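Chemist: Requesting a structural model of the entry that follows:
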Amino acid sequence: MNVRNIAPGVPTLPDEQLIAKAAPSASVTWSRYFFTLGLWEIWRRRQRVVVTNQRIITTRGLLSKSQRMLPIGKVQDASLQLRFWVGRVVVTTAGGAAGSVDFPTLSRPDARNIVNAIQRAVHESSG
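Modeler: Presented below is the predicted three-dimensional model:
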């Protein structure tokens, strides 16, 4: 059985396909590099948003790691907020403890790509 990871420590499900993935933008968060003497880059590389045809996965953390997985079938809305050069994606889900998930500090193109991927996956799963 060939199992590949779509995010660090997250194996694929049967028939699962990667649609899009993104990390916080280095150019958007340049001030954090300055104030942390470059340590921000280590944290930034550990943050991911992954969209597949079956779920949305977020991974965060360096020492204290967390993963959150939202089934595409539970997604009600994926909205895009653009401010200056920063994109923010807010995903609202139906029921459960998930509620809504926020992906801040993405580049504008990455944020648009993630929202389009979520909307495409939701549309394909419902029809």
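Chemist: contacts, neighbours, all on C-alpha from now
Modeler: Fine.
Chemist: Which residues outside stretch 76-94 are in contact with it?
Modeler: 28, 74-75, 99-112, 114-115, 118-119 (CA atoms under 8 Å, 6 or more residues apart in numbering).
Chemist: Mind checking which of those residues land in helices?
Modeler: Per DSSP state H, helices hold the following members of the contacts of stretch 76-94: 108-112, 114-115, 118-119.
Chemist: where does the protein dip in pLDDT?
Modeler: For the chain, the stretches with pLDDT under 70 are 1-5, 7-9, 27-33, 40, 44, 96-99, 127.
Chemist: Spatially, what comes nearest to the most centrally placed residue in it if we skip its sequence neighbours?
Modeler: The chain has Val49 as the residue nearest its centroid, 1.9 Å off, counting by CA atoms, centre = their mean. Among residues not flanking Val49 along the chain, Thr58 sits closest, at 4.7 Å (CA to CA, 6 or more residues apart in numbering).
Chemist: which stretches of the protein form strands?
Modeler: 5-7, 10-11, 18-22, 48-52, 55-60, 66-71, 75-83, 86-93, 100-107 (DSSP state E).
Chemist: How far off centre is the second one?
Modeler: A distance of 14 Å separates the centroid of the chain from that of strand 10-11, by CA atoms, centre = their mean, to the nearest Å.
Chemist: re earlier: now do the contacts for the residue nearest to the centre of the chain.
Modeler: So, once contact is read as CA under 8 Å, 6+ apart, Val49 ends up touching 21-23, 56-59, 103.
Chemist: Quickly list what it is bridged to.
Modeler: Ala22, Thr58 (DSSP bridges).
Chemist: With Ala78 instead?
Modeler: Going by DSSP bridges, Ala78 forms beta bridges with Val91.
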